[in-house]
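**Student:** Kindly return the folded structure for what I paste below:
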Amino acid sequence: MDFSLVLLALFSTIGLIFTYLAVIEKDLVKAVIFSAIQSTSYVAVLYLLRAPDIVLVYLPVTVGLYPAALLFLVGKTERVEEE
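**Tutor:** Below is the predicted model:
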């Protein structure tokens with residue numbers, strides 16, 4: 001079996017798990033962190049699929065700018081979602 005296919009399956013599974021954790025999390029800061037980890041695993045998937053031009057744009061936006069903006073907005077609201 002090709003090693004890149006194993007890595008592709010591994011990073012896809014990690015992305016799926018952290019997406020689920022980000023959706024069910026009540027603490028918004030943890031949800032943003034889970035979302036950043038999910039984005040990082042999808043960067044690895046895109047790199048394994050040989051799309052480096054997309055990786056160069058996707059990485060700074062989804063791991064840097066997007067979480068920074070969300071953390072700034074969470075700081076202006078309440079950190080924990082109330083039921």
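**Student:** What are the contacting residues of stretch 47-60?
**Tutor:** Stretch 47-60 is contacted from outside by 4, 7-8, 11, 39-40, 42-43, 46, using CB atoms under 8 Å, 6 or more residues apart in numbering. Every C-beta, even on glycine, is put in place using the N, C-alpha and C of the backbone.
**Student:** Stretch 19-37 too?
**Tutor:** 14, 18, 38, 62-63, 66-67, 70-71, 74, 77, 79-81.
**Student:** What mean pLDDT does it get?
**Tutor:** For stretch 19-37, mean pLDDT rounds to 95.
**Student:** list the buried ones in that stretch?
**Tutor:** By 16 or more other CB atoms under 10 Å, the buried positions in stretch 19-37 come out as 19, 21-22, 25, 28, 31-37.
**Student:** swap in stretch 49-61?
**Tutor:** 55, 58-59.
**Student:** thinking again about what came up before, counting neighbours, which of the contacts of stretch 47-60 end up buried?
**Tutor:** Buried members of the contacts of stretch 47-60, scored by 16+ other CB under 10 Å, are 8, 11, 39-40, 42-43, 46.
**Student:** The residues you listed: which two are farthest apart?
**Tutor:** Leu8 and Ser39 (16.3 Å; CB to CB).
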